[in-house]
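**Q** Whatever this is, show me its structure:
(4 chains, ligands or ions: 2)
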Amino acid sequence: MMTELTPTEIRDQKLYLQWGLSEDEYQQIQNDLGRLPNFTETGLFAAMWSEHCSYKNSKPLLKQFPTTGDQILQGPGEGAGIVDIGDGQAVVFKAESHNHPTAVEPYQGAATGVGGIVRDIFSMGARPIALMDSLHFGELNDAHTKYLVDQTIAGIGDYGNCMGIPTVGGETTFDSIYQSNPVMNAMCVGLLDVNDQQKGAAAGVGNSIYYVGAKTGRDGIQGAIFASTEFSDEHETQRSAVQVGDPFAEKQLMEACLELIHEHSDILVGIQDMGAAGLVSSSAEMGAKAGYGMEINLDTVPKRENGMIPYELMLSESQERMLLCIKQGHEREVEELFRRYDSEAVQIGKVTANKQYQLFFKNQLVADVPIHALVDEAPVYRQPSQKPAHISNKAGQWYPQIDNLTNTFEQILKQPTIANKSAIYERYDSQVQTNTISTDRSDAAVVRIRGTKKALAMTTDANPRYLYLDPQIGGQIAVSEAARNIVATGGIPLAITDCLNFGSPEDPESYYELEQATKGMAEACATFDTPVISGNVSLYNESNQQPIYPTPMVGMVGLIENLDWITTLDFKKDGDLIYVLGKTGDDFNGSEIQKMQDTDIHGQLFDFDLEYEKKQQQLVTKLIHQRLIKSAHDLAEGGLAIGLAESSFASGRGFSVKTQLTGGQLFSETQSRFIVTVDPENQTQFEKMAGNAATYLGVVGGQQLRIQASDSLLQIDLKQAQASWKGALEWQLK
Amino acid sequence: MKYSIIRFPGSNCDWDMFYTLQDVMNVTPVFVDYREEELPENTAAVFIPGGFSYGDYLRSGAIARFSPIMEAVKRFADSGRPVVGICNGFQVLTEAGLLPGALRRNDSLNFICKPQKLTVENSQTRFTSRFNLNQTVMFPIAHGEGNYYCDEDTLKKLESNQQILFRYQGNPNGSTDDIAGITNERGNVLGMMPHPERASDALLGGADGKLLFQSLIESVAQNI
Amino acid sequence: MYNVKVYVTYKKSILDPQGEAIKTALHRMEHQDVMQVTVGKYFEMQIKDNGQNIDEQVNKMCDELLANVNMETYRYEITEAAKVEE
Amino acid sequence: MYNVKVYVTYKKSILDPQGEAIKTALHRMEHQDVMQVTVGKYFEMQIKDNGQNIDEQVNKMCDELLANVNMETYRYEITEAAKVEE
Ligand SMILES: Nc1ncnc2c1ncn2[C@@H]1O[C@H](COP(=O)(O)OP(=O)(O)O)[C@@H](O)[C@H]1O
Ligand SMILES: [Mg+2]
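**A** Ligands and ions are numbered 1, 2, ... in the order given. Here you go, the predicted model:
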């Protein structure tokens, strides 16, 4: 049970420091109020001015991102961004990180991460149609990591499965840097009728503020603050109660909210989910956004536990709750609607004109602060930035050591980051809603839009190793790879969401990484005309002073205008011709093979040309629209050899290929490349259109994987290679 | 004639079943809320769709069976008319005692979602007349508790009465005797873990499931 | 007021994969002396005295809801409590 | 040989969605006098005597595997058994 210090005790004992407010910030609060803040008020400011809610360290960097465009209906600032896809429909998406909760309690941490991002999507009026994830764990050589992986997957799966939202794709990498600070990011995509678009704003004096969903308990109190301070083993005992997810309650809540939005939009003024810093952030933001004040009677808030004080009620992060603003006089309708879904709807306050944020508890005014001070006046910091010592300017290129090409190839197939991920994604229901056209047979997942000829392509990508070696180029590559994945499936990239998982902004080297990575991402977004429409920042990802690799997850959605353009990566027919688009160089620093052979990555990252990348992508789009290619696969980790193998495994067809490249270069990770296959009938037309961008490699067919390189031969039985690739991860997870 | 789809709180394959019946099979589906006490008049068949009724808390299907509509479903089944439970629907039907046995957690302890090959074990029923005996079909599975269990006596009965309609090829979940789908003794109640409604559109990877719906719809037509 | 504790486990004849998995995990953690693990469900309930036979009521709850008697068995303990604990 | 029974439940302040759902179901079944339901896990283990402190061993198993102490609590009972029960 918490004891409330008096305002002077807070000042004298410096409680605010413990809660993450600096001396200056505490002073600013006093200036805003014209007095000392009381216990509850100090708590409200600490939560609202935390990095998690205010983005005080990342805001200046996020300004670099392009956020507007013809197709953009809603950029950052709401629950999720919205992109027009024609015919009165729009796609809504956002990603969220839940790294710290996942480290503490992987099952519930991951599950509630999914629950949170789903609420963001339906709060916009959209029906969630797909989930994706992006996971980075330590190496699979210790029992704890295996447990983390297993429980994280279970948590993601169980939540999405129960909600009836297919989890259609994601990515998973393994590196010791994530050992005690795993990265768990989830992305949700929704489909919206443009007329149903909602905002999280509470306008109109006298309108009712409604609390709907689960009761409030002491879960995750200080969660927002917790997510914004460093993680070290000593703090173990300080951790506040873990949040438990209830996907069943959320399903009911979602159906109720969607019914309210679709059928009673006349009485709904605004809707927002209660995420980080629960009730305070949702309510204060809704009021401030609309330019009004708000009063809340805490005695009416549904409670799961006895004796909760205002601080706890306001900061609790109990899950499966939403906040609504309802037109005065329509209270009954709302209550009745939610009752039908066994979900609670309680009026807890109303909109006021005075722009104050006022809380009442047991008939006392327990907090009274200017709403804009709380929401919009958090200080913004530009931190000192310093290039990390490990970033090398030496052009030195590392070369793989290859004694037996076939052995090296088989070994790399078994690397957990390369190996088949079915041991993970088969634990997710990827088919529910019966719209999933492709998951693992294409570079991006493809989900049709029922009743139209269109489909959406979606992908999550990050390549933290590249970012570690060069955050700016790595940031460009992260966005480019996402776009490449969309394009390879026949889509046109629309926009991105992101999760910026970085170390402490107060560490100049980590701040440099954040600054440079966002710069690179912004440049790539401008190139591909894919504005950033939503996102999430997760800083302080470090354990015992060791930051994780800079890990900006990019979630991209593209539109496939015509179902006929859907292109998958599997070889289609024996005798089809295989080409690689794009030139291959000696690009090994930061590559999978460097990690495999040297156990760590080092050196200067290779060059990358955004304009060339864009041209390559445009070429692929043209080839798809002209129906000149039958499969397309982007080349990523593991390079050409792995790309060919993946297309082969997905089809059960072997190949025979001859190339001027050396055996080592088969694993080079030069960007901007695709493997495509062509029907022999279309060879001339294809070569004419592709010009010198395409290099002929060989043909599809047989039951062998065969690559004759300039200095060596790779030859292996398809079944054997496939078994190595398919079994490796499952085996290592045991 | 209407095809009634029962909706419990937490059902989530309800729309998939609806679209399959309406858009692929061209019959008339209707949703029936779990709080109803009667099925709509003219109900030709009842479908209990997949999902997580009541969150699958306690055991999947355990709580749903106490819903008011289940009395009506029982009466409907007792009158010999067709009832089909898919996935969570199968679990509800076993919990309700309309089908023998029970569904345990998968032996891997993990949820599994993947395309699954099945063997048609009996093609002489109202649900399978369109299939050939021993035909291999592909239906997706997606479940965490699909590990069918029954005691030996029950198993013998299932076999001698030819109540086993589908068996897995390569048992994915530990089910007794590879059982994927069974009927009751009378042959009018079907429960199966694999999802025929997810296998009814070639765009999504296969259309073997249509044969099951066709069989049933034809049998309904013949009985009028 | 009664405090009721109910324990539900699989019938002996039924394989308990969860128990096996936990045993394996314990062995990996150097607890090799664990010979057998069975996993079950555990319920704590507070039931108001309504004048009717409490045993009968609990039996009914178990048979109809808390256990699936096709594959599970249960046992329970009932203790009388003076009043609701907070 | 020891017979060990372990009971793992959520801490008081942690949401127990299963318990709530079961309570609601019991109410619908006319067991309205059920005031509260908590759901937990129940483990039965047989552990060979290895000369080391059995309490310490069981505590370790619970802390490290059977319960997540961030959200769960546990209690256990240890009885000595002459030999393995069949
Ligand atoms: N954590 C995950 N969740 C869901 N699907 C995943 C996950 N990790 C990988 N996948 C899926 O596995 C397949 C291969 O992933 P990946 O190796 O990252 O492919 P690529 O490098 O071509 O993007 C894709 O279909 C991807 O969506
Ligand atoms: Mg990728």
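**Q** Just say helix, strand or coil for B:Phe90.
**A** helix (DSSP: H, G, I helix; E, B strand; the rest coil).
**Q** Check it and give its pLDDT.
**A** pLDDT, B:Phe90: 98.
**Q** what's the answer for B:Asp14, then?
**A** 98.
**Q** residue in chain C nearest to chain A?
**A** C:Arg28 (6.1 Å; CB to the nearest CB). Backbone N, C-alpha and C define where each C-beta goes, glycine included.
**Q** May I have the phi/psi pair for that residue?
**A** Note on C:Arg28: backbone dihedrals following degrees, to the nearest 10 are phi -60, psi -30.
**Q** Could you point out which residue ranges in chain C have low pLDDT?
**A** By pLDDT under 70, the weakly predicted segments of chain C are C:82-86.
**Q** Kindly list the longest strand within it.
**A** strand C:34-47 (DSSP state E).
**Q** so, in contact with chain A or not, it?
**A** No - counting by CB under 8 Å from any CB of the partner chain, chain A is not contacted by strand C:34-47; separation bottoms out at 15.4 Å.
**Q** if I pick the residue of chain C closest to chain A, what's in contact with it?
**A** A:Ala143 (CB atoms under 8 Å, 6 or more residues apart in numbering or on different chains).
**Q** what's the distance between it and chain B?
**A** According to CB to the nearest CB, to the nearest Å, C:Arg28 and chain B sit 16 Å apart.
**Q** buried sites along the strand or helix carrying A:Gly190?
**A** If you go by DSSP states H and E, A:Gly190 is part of strand A:183-193. Buried residues in strand A:183-193, defined by neighbour count with 16 or more other CB atoms under 10 Å in any protein chain shown: A:Val183, A:Met184, A:Asn185, A:Ala186, A:Met187, A:Cys188, A:Val189, A:Gly190, A:Leu191, A:Leu192.
**Q** Direction included, what does the longest strand of chain C pair against?
**A** If you go by DSSP bridges, strand C:34-47 pairs up with strand C:2-10 (antiparallel), strand D:34-47 (antiparallel).
**Q** Now A:Ser724. Nearest residue, chain neighbours left out?
**A** A:Leu413 (4.9 Å; CB to CB, 6 or more residues apart in numbering or on different chains).
**Q** Sorry, slip of the keys, the one I care about is A:Asp634.
**A** A:Asp634 sits nearest to A:Arg484 (CB to CB, 6+ apart), 4.3 Å away.
**Q** wait, does the helix or strand where that neighbour lies make contact with ligand 2?
**A** For A:Arg484, the element it lies in under DSSP H and E is helix A:471-488. No - using CB under 5 Å from the ion, helix A:471-488 never reaches ligand 2; the gap is at least 5.9 Å.
**Q** name the helices or strands packed onto that helix?
**A** strand A:455-461, helix A:464-469, strand A:492-501, helix A:508-528, strand A:551-560, helix A:610-625, strand A:631-634 (3 or more CB pairs under 8 Å, 6 or more residues apart in numbering or on different chains; DSSP states H and E).
**Q** what is the rounded mean pLDDT of that helix?
**A** Mean predicted lDDT for helix A:471-488 stands at 98.
**Q** just the buried residues of strand A:183-193 now: which is nearest A:Pro471?
**A** The nearest member of the buried residues of strand A:183-193 to A:Pro471, counting by CB to CB, is A:Val183 at 16.0 Å.
**Q** tell me which parts of chain C are close to chain D?
**A** C:1, C:7-9, C:19, C:22, C:25-26, C:29, C:31, C:33-50, C:57, C:60-61, C:64-66, C:84.
**Q** Tell me how many other residues crowd A:Gln198.
**A** 25 (other CB atoms under 10 Å in any protein chain shown).
**Q** Then the one 5 residues further on?
**A** Summarising burial for A:Ala203: neighbours were counted as other CB under 10 Å, giving 16.
**Q** Give me the pLDDT for it.
**A** A:Ala203 is given a pLDDT of 89.
**Q** For it, identify the helix or strand it belongs to.
**A** Per DSSP H and E, there is no helix or strand for A:Ala203.
**Q** quick one, phi/psi of it?
**A** For A:Ala203, the backbone dihedrals (degrees, to the nearest 10) come out as phi -110, psi 160.
**Q** mind listing what A:Asp24 touches?
**A** A:Pro379 are the contacts of A:Asp24 under CB under 8 Å, 6+ apart.
**Q** Could you measure from it over to D:Val39?
**A** 48 Å (CB to CB, to the nearest Å).
**Q** same deal with A:Lys289?
**A** 40 Å.
**Q** Check A:Phe338 too.
**A** 25 Å.
**Q** Does at least one residue of the helix or strand containing A:Thr173 sit close to ligand 1?
**A** Using DSSP H and E, A:Thr173 maps to strand A:167-174. Yes - interface with ligand 1: strand A:167-174 contributes A:Thr167, A:Gly169, A:Gly170, A:Glu171, A:Thr172 (CB under 6 Å from any ligand atom).
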